[in-house]
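Colleague: Pasting the sequence and the predicted coordinates here, then a few questions.
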Amino acid sequence: MASAAAGPGPGPGASQSAPAAPRGAGLRRAYRLLRERAPWAHQALLGQAFAATAVAMGLPAFLLVAVALGARGGFWLVLLLTAPLVALSIRPLTAVQRSRFAALLGLEIPVLPRIAGPYGPRRLHAWLRAETTRRQAGYHLLAAPVLAAAGAASLACSAVGLLFSTVYLWVWALPPQNRVADWGYTTQAAYLTALGLALLWLAPWIAEGVVRADVRLAAALLGPSLAEQLERRVEDLAESRAGVVDAADAERRRIERDLHDGVQQRLVSLAMNLGLARRTLKDLPPEALRVIAEAQQEAQAAIAELRDVVRGLHPAVLEDRGLDAALSGIAARAPLPVRLHVDMPERPVPTVEAVAYFVVAEALTNVVKHAGASRAEIWVAARNGLLRIAVSDDGRGGADPDAGPRAGSFAGGGSGLSGLRKRVASVDGRFSLSSPVGGPTTVTVELPCAL
Amino acid sequence: MRAVIAEDSVLLRVGLVKVLEAVGYEVAAAVGDAEGLLAAVEEHRPDVVVVDVRMPPGFTDEGVRAALVIRRQWPQIGVLLLSQYVEERYAADLLAANTRGVGYLLKERVADVDEFVEALQRVAGGGTALDPEVVAQLLLRRHSSDPLEALTPREREVLGLMAEGRSNAAIAELLVVSDSAVAKHINSIFSKLDLPPAEATHRRVLAVLRFLEGT
């Protein structure tokens, strides 16, 4: 991230990548570089301003060193006395530096995590031992003074350059009798002017060096280390993924509720009214009665179909009585004999329960659709924070979770299995499949009981 | 016969009232939640209540819990639960004490008015009416030590129909066998479940209970 943020102006890659005409391109590039680094260019001024603040930031360290050196024999004594002062100033100094980078360069240095725990010697000890403390101290005590010196050099270049390049003006301001004798329109003045101009052009380059070095050092020393950043990123991702999984789960519940309280009820009411009509309108012609009966059967079939869909989403009994109760429902409705063994001392978190339910439902659907099995068996056991699920059948095997819906002779199994695998992965679960051609097929899934 | 209906969907509530009144029931009250149901039962003391499992405020098993309260407090009142999908766990709760005057059906069974009314009559008269889906779920989980394992598929089928609340004649008709064949199966079930001859109906309830306890 340091390299990405470093360096004002477009990188050299930007101009090289353009397919420029061979002739004149070099000149144009040189001109553009000169224009960008011109003392009055925006970048240059910003760099100088940044260098100036670097000087300001280096002052405390300079003073510290100066006092320590000035005390000569008392060097160690001074160091001992100032050490607490330095320690106290590390946090505020880092804060100031962070706001400096944000304000001048728009660079956000990630905030370091605070040392946890109540204030006291133990926390102080932890803070002193922390690697981040050493890195910060290194920046404030070693890098900052060096950068300040370089910044000062840049500013000095500017100042001296300004003074020298305008030497003729100064000469003109002198009384006429002194002009020719001491300074006059001599070659010296011309040299000085040239030197001043050179210094003026040089200053932004130094400032830019300060900016680049400072950005790199600050990113490396003031912020969290790469490992810490990755760790935090992993934490953030895990958290956001858990959020997404929970949200999807909640959404499924909402859809289930909407269907249950809306469409399903209407269909039942329709079927009920048709049934009532059949019973009460006995004097209708037989064709009309037959049509009503057919309509009623249609409605009942639609209800049964919708029931299976809705139940696959998230049955209320899952929330209410847990996985064991919910699974007996799907196992019983399977059109082949299913044995169900559940051994769960306590319930996992709702999201995991939902995933486990989906796994069994989907695996069983696959068995029914593709396996050509005569029976299936479901094992669910929770041990040591792990929920193990196995669904096996005595079918023809050859299932492949990587196969697309059209690949292979047992087509269609793939899409369901890959969806299953994704769903398992969404809660850091493990999925494995054993399905030799000729069978039997066993889907094994391990889920963490808590997220 | 007097009935109380608890169903939160207005559409179905009105439909249920129509169905019940069409077959000559007097609907004493039709309410939308479990609390209202208990109050109405307290007030009207009906012969039978028809209860939706999922009702406000929680929309999970409020109906089951209200049904359990009714069975405990007013055991003579028949309770017929209706649900969008049936869960054997709710049935097991409901049947835990005894199978007298309990029914648990899928909502759509109401559409077959005659069949529904027959089930309701059974429940009001102290019998049972279990949906075939519930019975299928109840049959599902059997351990090897379970005496029910010893039953032949046909015997299990007969026992399931007994649990649904059917009479011998009804079972014979459904399975297209003779009455005596059904009686033979039932005797075989009694002996396999180790239920020595006693008063016939009592053994029947015991067998069904044994069957339901297994879950």
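Modeller: Now that the structure is in, tell me what you want to look at.

Colleague: Assign B:Ala28 to helix, strand or coil.
Modeller: Classification of B:Ala28 using DSSP: H, G, I helix; E, B strand; the rest coil returns strand.

Colleague: That one and B:Pro46 touch, don't they?
Modeller: Yes - using Cβ atoms under 8 Å, B:Ala28 is in contact with B:Pro46, at 5.3 Å. No exception for glycine: its C-beta is placed from N, CA and C like everyone else's.

Colleague: shared neighbours of those two, anything?
Modeller: B:2-4 (Cβ atoms under 8 Å, 6 or more residues apart in numbering or on different chains).

Colleague: B:Glu133: which of those is nearest?
Modeller: Nearest to B:Glu133 among the shared contacts of B:Ala28 and B:Pro46: B:Ala3, at 23.6 Å, using Cβ to Cβ.

Colleague: coming back round to it: which one's more surrounded, B:Ala28 and B:Pro46?
Modeller: B:Pro46 (24 against 17; other Cβ atoms under 10 Å in any protein chain shown).

Colleague: pLDDT and distance to chain A for the shared contacts of B:Ala28 and B:Pro46 - can I get that in CSV?
Modeller: Formatted as CSV, these follow (pLDDT from 0 to 100; distance: Cβ to the nearest Cβ, whole Å):
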residue, pLDDT, distance to chain A
B:Arg2, 93, 20
B:Ala3, 95, 16
B:Val4, 96, 18
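
Colleague: now, which of those residues sits nearest A:Thr94?
Modeller: B:Val4 (72.2 Å).

Colleague: before we move on, what SS does the closest residue to chain B within the stretch 51-200 of chain A have?
Modeller: Closest to chain B within the stretch 51-200 of chain A is A:Ala116: 39.4 Å, counting by Cβ to the nearest Cβ. With three-state DSSP as the basis, A:Ala116 sits in coil.

Colleague: cool, A:Thr351 as well?
Modeller: Under three-state DSSP, A:Thr351 comes out as helix.

Colleague: so which strand or helix has the residue nearest to it when sequence neighbours are not counted?
Modeller: Closest residue to A:Thr351 apart from its sequence neighbours, by Cβ to Cβ, 6 or more residues apart in numbering or on different chains: A:Asp249 at 5.1 Å. Assigned by DSSP states H and E, A:Asp249 belongs to helix A:226-259.

Colleague: before we move on, what SS does B:Asn98 have?
Modeller: coil.

Colleague: you'd agree it is up against B:Val205?
Modeller: Yes - using Cβ under 8 Å, B:Asn98 is in contact with B:Val205, at 7.2 Å.

Colleague: Return every residue with contacts to both of these two.
Modeller: Counting by Cβ under 8 Å, 6+ apart, nothing touches both B:Asn98 and B:Val205.

Colleague: Tell me who's in contact with B:Glu155.
Modeller: B:Glu155 touches B:185, B:188-189, B:192, counting by Cβ under 8 Å, 6+ apart.

Colleague: I'd say B:Ala207 and B:Leu159 touch.
Modeller: Yes - at 6.5 Å, B:Ala207 and B:Leu159 qualify as touching, with contact defined as Cβ under 8 Å.

Colleague: Run through chain B and note the low-pLDDT ranges.
Modeller: When residues are selected by pLDDT under 70, those of chain B lie in B:97, B:140-147, B:198-202, B:209, B:212-215.

Colleague: What segments of it are helices?
Modeller: If DSSP state H is used as the criterion, the helices of chain B fall at B:10-22, B:34-44, B:62-73, B:88-95, B:113-124, B:132-140, B:153-164, B:168-175, B:179-192, B:200-213.

Colleague: Columns distance to A:Leu433 on top of those helices, output as JSON lines?
Modeller: Output for the helices of chain B, formatted as JSON lines (distance: least, Cβ to Cβ, whole Å):
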{"stretch": "helix B:10-22", "distance to A:Leu433": "43"}
{"stretch": "helix B:34-44", "distance to A:Leu433": "45"}
{"stretch": "helix B:62-73", "distance to A:Leu433": "38"}
{"stretch": "helix B:88-95", "distance to A:Leu433": "30"}
{"stretch": "helix B:113-124", "distance to A:Leu433": "44"}
{"stretch": "helix B:132-140", "distance to A:Leu433": "25"}
{"stretch": "helix B:153-164", "distance to A:Leu433": "32"}
{"stretch": "helix B:168-175", "distance to A:Leu433": "41"}
{"stretch": "helix B:179-192", "distance to A:Leu433": "40"}
{"stretch": "helix B:200-213", "distance to A:Leu433": "36"}
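
Colleague: A:Met344: which of the ones you listed is closest?
Modeller: Closest among those, once you apply Cβ to Cβ, is helix B:88-95, at 13.9 Å.

Colleague: residues from chain B in reach of chain A?
Modeller: B:9, B:11-12, B:15-16, B:18-19, B:22, B:54, B:59-61, B:84-85, B:87-90, B:106-108, B:110-114, B:116, B:133, B:136-137, B:139-141, B:215 (Cβ under 8 Å from any Cβ of the partner chain).

Colleague: Quick one: buried ones out of those?
Modeller: By neighbour count, with 16 or more other Cβ atoms under 10 Å in any protein chain shown, the residues of chain B next to chain A hold B:9, B:12, B:15-16, B:19, B:54, B:59-61, B:84-85, B:87-90, B:106-108, B:110-113, B:116, B:133, B:136-137, B:139-141, B:215 as buried.

Colleague: With adjacent residues omitted, what lies nearest to residue 117?
Modeller: No chain specified, so I'll use chain A. Counting by Cβ to Cβ, 6+ apart, the residue nearest A:Gly117 is A:Arg123, at 4.8 Å.

Colleague: actually chain B
Modeller: Per Cβ to Cβ, 6+ apart, closest to B:Val117 is B:Val23, 4.8 Å.

Colleague: I'd assumed B:Glu118 was in contact with the one you found.
Modeller: No - counting by Cβ under 8 Å, B:Val23 stays clear of B:Glu118, with 9.9 Å between them.

Colleague: What is the burial count for A:Thr351?
Modeller: Residues near A:Thr351, counting by other Cβ under 10 Å: 19.

Colleague: Contacts only, for it.
Modeller: Here A:Thr351 is in contact with A:242, A:245-246, A:249, A:427, A:451 (criterion: Cβ under 8 Å, 6+ apart).

Colleague: burial of A:Arg421, as a residue count?
Modeller: A:Arg421, neighbours per other Cβ under 10 Å, totals 20.

Colleague: sec struct for it, please.
Modeller: Going by three-state DSSP: A:Arg421 is helix.

Colleague: From A:Ala399, how far off is it?
Modeller: 12 Å (Cβ to Cβ, to the nearest Å).

Colleague: which non-adjacent residue is nearest residue 157?
Modeller: Unless you meant another one, I'm taking chain A. Spatially, and ignoring its direct neighbours in sequence, A:Cys157 is nearest to A:Ala203 (3.8 Å; Cβ to Cβ, 6+ apart).

Colleague: switch to chain B, that's the one I care about
Modeller: Nearest non-adjacent residue to B:Glu157 (Cβ to Cβ, 6+ apart): B:Leu175, at 6.9 Å.

Colleague: Now do the one you found: how many residues are near it, please.
Modeller: The local packing count at B:Leu175 equals 16, with neighbours defined by other Cβ under 10 Å.
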